[in-house]
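A.B. asks: Coordinates only, no sequence provided:
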């Protein structure tokens, strides 16, 4: 059975160190860490909704900001990355089926 996953880039700006750490740990269970507060995630509709709910339980409205960029269907999207400064190497892994 083929899942309909989308590829997301999720970035966040959390003012409190404890909340930042909680969100960082949460995100490791959903995607690949790219840079300080940036993750790449392959998510089904269900996993996306689950993640949004968990994030809403951590952040404080008006203080924190999370941005989720939907790049489209994970199997067909071909992300192009422009990286300045340090070398950027995209990590390629097979999706985890839960």
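C.D. replies: Perfect, I can see it now. Just so you know, these numbers come straight off a predicted model, no measurement behind them.

A.B. asks: Within the sheet, what are the partner strands of the helix or strand bottoming out on mean pLDDT in the chain, with directions?
C.D. replies: Within the chain, no helix or strand scores below strand 32-35, which has a mean of 89 by mean pLDDT, DSSP states H and E. Strand 32-35 sits in its sheet next to strand 38-43 (antiparallel), going by DSSP bridges.

A.B. asks: For the strand it pairs with, give the mean pLDDT please.
C.D. replies: For strand 38-43, the mean per-residue pLDDT is 94.

A.B. asks: Please identify the buried residues of it?
C.D. replies: Going by neighbour count (16 or more other CB atoms under 10 Å), the buried part of strand 38-43 is 39, 40, 41, 42, 43. (C-beta placed from N, C-alpha, C; glycine too.)

A.B. asks: which one of those is nearest residue 74?
C.D. replies: Nearest to residue 74, judged by CB to CB, of the buried residues of strand 38-43 is residue 42 at 4.6 Å.

A.B. asks: about what we covered before: pipe the buried residues of strand 38-43 into CSV and attach distance to residue 67 per row.
C.D. replies: Compiled in CSV, those are given as follows (distance: CB to CB, whole Å):
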residue, distance to residue 67
39, 11
40, 13
41, 13
42, 18
43, 15
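
A.B. asks: so which of these comes closest to residue 76?
C.D. replies: Closest to residue 76, out of all of those and judged by CB to CB, is residue 42, at 12.2 Å.

A.B. asks: can you map out the strands along this structure?
C.D. replies: Here the chain has its strands, by DSSP state E, at 6-13, 32-35, 38-43, 65-73.

A.B. asks: Specify the stretch among those that is closest to residue 51.
C.D. replies: strand 38-43 (6.6 Å).
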